[in-house]
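**Student:** Structure for the following, please:
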Amino acid sequence: MDATVIEVGGQRPYDVLVGRDLLSALPPLVAGAAQVAILHAAPLKALAERVGEATGVTPLLVELPDAESAKRVEVAAGCWDALGNAGFTRTDVVIGVGGGAVTDVAGFVAACWLRGVPVVHVPTSLLGMVDAAVGGKTGVNTAAGKNLVGAFHPPAGVLCDLSTLETLPPADLRAGLAEVVKCGFIADPEILDLIEADPEAAADPTGSVVRELVERSVRVKARVVSADLHETGLREILNYGHTLGHAIEKIEGYAGRHGEAVSVGLVYAAALARLAGRLDPDTAHRHRRVLAALGLPVRYRADAWDALDAAMRVDKKSRGARRRFVVLDGLARVSIMDDPPAELLRTAYQELT
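**Tutor:** As a prediction, the model looks like this:
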């Protein structure tokens with residue numbers, strides 16, 4: 001096993017392993033379980049079967065719809081029915097095998113079943129590795145918005161096997177890099193330097209650059225969630241770019257890639273801070289340069305503002321009628337913009353069109 005171990009602290013500490021050939025690390029994570037429920041997307045059935053064999057425990061394979069279509073209460077309810085029919089107990093373990101949507105659902109299912117059973121994540125997408133599978137936030141989407149129903153439920157462990165990235169469509173890998181770029185701007189500028197030095201290497205799943213980017217991004221998230229699991233303060237910085245990003249996903253019916261929406265959201269947040277006089281122009285424009293170099297979108301439709309504005313009012317960071325945006329006051333200097341004027345919000349959006 002070739003693995004870098006990154007510790008996530010807090011009341012329920014766990015390790016994130018980044019490397020290759022990591023399935024041998026599974027048995028200790030399911031110790032004491034009589035069975036494991038492996039939630040997976042249809043294309044990953046073969047991998048889910050290998051995961052089941054590696055645990056040494058009786059596996060229950062539960063197939064989920066692909067991508068964001070899995071993140072529905074009805075899908076979670078179907079999983080709970082499967083656990084009930086199998087006699088799933090408090091000492092048994094749920095394992096999520098797939099991208100960020102699968103790990104979000106697996107964590108939510110585990111958090112609610114018997115008021116909490118252990119969950120282990122085996123993320124197979126870049127987005128899952130650097131964001132969704134780490135940190136203990138779980139949830140599903142509703143008509144009102146993205147991730148508005150969920151629970152905080154830290155995993156027992158996370159196995160980021162980089163070899164799974166080699167099977168991803170290039171567009172999905174690049175979309176995941178938006179979350180990596182986010183980590184660079186909020187906490188680790190070396191990430192940005194690595195990408196700017198060779199954008200193609202940053203998108204090559206077989207190379208060493210991707211591994212370093214994953215490890216650096218996971219360390220950023222581990223530091224934040226170790227200090228603030230329940231998003232009472234510091235953890236809000238991880239939502240940089242997500243206010244507009246989640247609104248884009250909502251008005252598109254969750255049909256697009258999360259990372260592409262976040263990419264546009266990052267450019268918007270930078271424009272908002274620059275227009276407010278909080279962020280220097282070069283750092284603001286650097287957002288657009290880095291994301292465009294990776295082939296990620298940096299613009300959006302001019303006619304979408306009213307719908308996006310309405311969607312952002314339901315953002316989790318809002319407090320009553322006051323909207324709040326995560327912004328930068330400088331590179332790796334994150335703060336909150338509380339209740340910005342409506343005209344400023346609209347003017348910043350015009351820069352995207």
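**Student:** Strands along this structure, start to end?
**Tutor:** 2-8, 14-20, 35-41, 58-64, 93-98, 119-123, 137-142, 145-152, 157-161, 324-330, 333-338 (DSSP state E).
**Student:** how about low-confidence regions in the protein?
**Tutor:** Low-confidence segments of the chain (pLDDT under 70): 315-321.
**Student:** any chance of the strands of the chain in TSV, with mean neighbour count too?
**Tutor:** Quick note: C-beta positions are derived from backbone N, CA and C, even for glycine. Shown next, in TSV, are the strands of the chain (neighbours: other C-beta atoms under 10 Å):
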stretch	mean neighbour count
strand 2-8	16
strand 14-20	20
strand 35-41	24
strand 58-64	19
strand 93-98	31
strand 119-123	29
strand 137-142	22
strand 145-152	18
strand 157-161	26
strand 324-330	21
strand 333-338	15
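**Student:** I'd like those strands laid out as a markdown table, including distance to residue 310.
**Tutor:** Formatted as a markdown table, those follow (distance: least, C-beta to C-beta, whole Å):
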| stretch | distance to residue 310 |
| --- | --- |
| strand 2-8 | 36 |
| strand 14-20 | 37 |
| strand 35-41 | 31 |
| strand 58-64 | 30 |
| strand 93-98 | 31 |
| strand 119-123 | 32 |
| strand 137-142 | 15 |
| strand 145-152 | 11 |
| strand 157-161 | 35 |
| strand 324-330 | 16 |
| strand 333-338 | 19 |
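**Student:** Can you say which of those is nearest to residue 198?
**Tutor:** Nearest to residue 198 among the strands of the chain is strand 14-20 (20.0 Å), distances taken as C-beta to C-beta.
**Student:** And the contacts of the closest one?
**Tutor:** 1-8, 25, 129, 134, 154-163, 211, 214-215, 218, 222 (C-beta atoms under 8 Å, 6 or more residues apart in numbering).
**Student:** now do 6 Å
**Tutor:** For strand 14-20, contacts defined as C-beta atoms under 6 Å, 6 or more residues apart in numbering pick out 2-8, 25, 134, 155-160, 162-163, 214-215, 218.
**Student:** in the stretch 201-350 of the chain, which spans are helices?
**Tutor:** 208-227, 242-251, 258-275, 281-293, 305-312, 342-350 (DSSP state H, counting those that start in this stretch).
**Student:** Which strands or helices does the longest one pack on?
**Tutor:** Contact analysis of helix 208-227 by 3 or more C-beta pairs under 6 Å, 6 or more residues apart in numbering; DSSP states H and E lists strand 2-8, strand 14-20, helix 170-186 as its packing neighbours.
**Student:** out of these, which comes closest to residue 120?
**Tutor:** strand 14-20 (9.1 Å).
**Student:** From the chain's centroid, how far away is that closest one?
**Tutor:** Offset of strand 14-20 from its chain centre (C-alpha atoms, centre = their mean, to the nearest Å): 16 Å.
**Student:** Each with direction, which strands does it pair with?
**Tutor:** Strand 14-20 has the following strand partners under DSSP bridges: strand 2-8 (antiparallel), strand 157-161 (parallel).
**Student:** any idea how far the first one is from the chain center?
**Tutor:** Right, the one you point to is strand 2-8. 18 Å.
**Student:** Around residue 341, how many other residues sit close by?
**Tutor:** 9 (other C-beta atoms under 10 Å).
**Student:** Turn the strands paired with strand 14-20 into CSV, including distance to residue 270.
**Tutor:** What follows is the strands paired with strand 14-20, written out as CSV (distance: least, C-beta to C-beta, whole Å):
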stretch, distance to residue 270
strand 2-8, 28
strand 157-161, 28
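**Student:** looking at the ones you listed, which is closest to residue 323?
**Tutor:** Nearest to residue 323 among those is strand 2-8 (30.3 Å), distances taken as C-beta to C-beta.
**Student:** With just CA atoms, put the closest one into CSV.
**Tutor:** Presented in CSV, the C-alpha positions along strand 2-8 are these (Å, rounded to 0.1, in the frame of the first residue of the first chain):
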residue,chain,number,x,y,z
ASP,A,2,1.3,3.4,-1.0
ALA,A,3,-0.4,6.0,1.1
THR,A,4,0.0,9.4,2.7
VAL,A,5,-1.9,9.6,6.0
ILE,A,6,-3.7,12.9,6.8
GLU,A,7,-5.3,13.2,10.2
VAL,A,8,-8.6,14.9,10.7
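**Student:** Let me know the angle separating it from helix 208-227.
**Tutor:** 20 degrees (axes from the mean of the first three to the mean of the last three C-alpha atoms, to 10 degrees).
**Student:** out of everything not next to it in sequence, what's closest to residue 268?
**Tutor:** In space, and not counting its chain neighbours, residue 268 is closest to residue 244: 4.5 Å by C-beta to C-beta, 6 or more residues apart in numbering.
**Student:** Please report the distance of that neighbour from residue 262.
**Tutor:** Distance, residue 244 to residue 262, using C-beta to C-beta, to the nearest Å: 9 Å.
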